[in-house]
Structures are given as structure tokens and as C-alpha cells.
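Novice: Got a predicted structure plus its sequence, pasted below:
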Amino acid sequence: MNRFPKLPVMAATGMLLLHSGAAFASKPEWTPIAELLVGSLGTSNPAQMSDVMSRCTALNMILSGMASDFSPEMAEHYRDEAHQFIQNNVLIESELARQTSNAQVDIPALSDAAIEEVRAMVDGYNEWLDDNIADSGSYFSKDIDMEIESCKLASRLATSLSAQEAE
């Protein structure tokens, strides 16, 4: 049983790849994904989990674009991960909306809002990577590596929770 139906965000995730912008002086002032992930698990905070899902969507879209030149299979894996993260995000946001109002949840509007949020995060990651390459000659840094590893953990957690619910 798949609790993650194909939402309207699927087609739009492809539009998020590698927007470039002006370089930041340093990485964005975001709370590290690892901190959000641990905090959301410890307090069952859906807003923090939603942020994790958005950030991991954006990061996986960036990684998909980077991998596309040398490994179409890896690029597809990252696109699939991004799609799963954004679906999870929309599901979390729809549950939050259901809890706060008795009105019908507008999934297309939630999807559009999620896409806009992810688009801004893609821009932030691109600027962060551009800054890294300018400063050190490498896109990757300890902080980016931590973000990637945190998203891998978030993916495993989401997969595990989905498997438990399917049983």
C-alpha cells in the first residue's frame, strides 16, 4: 500500500533544477538539517519535519543536476528522492492544515507553496555551492556533506515509517 500518491508536485520538481544567482558571502543562515531532524523527532514537531522535507527536496534536486553529466542513474536516484521528499512535505502540510481548520485541504495550493519554498532553497543551495567553489575550489564542504548525510537519514526514516504504516 503506497501512502504517497502521485501529487501535482511531480511535474514541477523538474523545474527546480539549478537556478543560479548572486553568490552569498557564506552559507545561508539555515538551521542544519541534522538539528531540525533530531529536534523534530524529539518533539514530534511537524513544522520542523516539513522544513527537513523541503530542504532535502532542494538538496536532492541540486545533486541530481550535478550528477546528470556523469551518471544518469545517480541523477535519477536523486530526482526520485526529491520527489519523495516533496510528497512527504505536502502530506505533512496537509495534515497540519486539517488539524488547524475543518475546511477542505487544497492540495494543489499546498503543492504550489511547497514548490515555491523549495525553489528559494534551491537558489540558496546554489549560491552556497558557488561560494564554496570560489573559496576552496570544491562545491562540497563539511557543512554541505552534513546536509547530504542528514537527508540520507531523513530518507531512511521516511522509508521505515512508510513500511511500518503499510504493515
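Specialist: On my side now, so go ahead. Numbers count the residues shown, from 1 in each chain.
Novice: Give the helix, strand or coil label for Ala103.
Specialist: Look at Ala103: counting by DSSP: H, G, I helix; E, B strand; the rest coil, its state is coil.
Novice: tally of neighbours for it?
Specialist: Close neighbours of Ala103, defined as other CB atoms under 10 Å, add up to 8. Just so you know, the C-beta spots here come from the backbone N, C-alpha and C atoms, and that holds for glycine as well.
Novice: for Ile115, same thing?
Specialist: With other CB under 10 Å as criterion, Ile115 counts 22.
Novice: mind checking which helix or strand it is in?
Specialist: Using DSSP states H and E, Ile115 sits in helix 107-136.
Novice: pLDDT below threshold where in the chain?
Specialist: 1-26, 39-44, 161-162, 164-165 (pLDDT under 70).
Novice: residue at max distance from the center of it?
Specialist: For the chain, the C-alpha farthest from the mean C-alpha position belongs to Asn102; by CA atoms, centre = their mean, that distance is 27.9 Å.
Novice: Can you name the next helix or strand after the helix holding Ile115?
Specialist: helix 142-166.
Novice: Excluding covalently adjacent residues, which one is nearest to Pro32?
Specialist: The spatially closest residue to Pro32, leaving aside those adjacent along the chain, is Met146, at 6.3 Å (CB to CB, 6 or more residues apart in numbering).
Novice: State the distance from the one you found to Leu63.
Specialist: 14 Å (CB to CB, to the nearest Å).
Novice: So for these two, which residue has more residues nearby?
Specialist: Taking neighbours as other CB under 10 Å, Met146 and Leu63 compare with Leu63 leading, 21 against 14.
Novice: Check which residues of the helix or strand harbouring that one are buried.
Specialist: In this assignment (DSSP H and E), Leu63 forms part of helix 46-67. Residues 48-67 are the ones in helix 46-67 that count as buried (16 or more other CB atoms under 10 Å).
Novice: Against which helices or strands is it packed?
Specialist: Contacting helix 46-67 under the criterion 3 or more CB pairs under 8 Å, 6 or more residues apart in numbering; DSSP states H and E are the following elements: helix 33-43, helix 72-100, helix 107-136, helix 142-166.
Novice: All set now, cheers.
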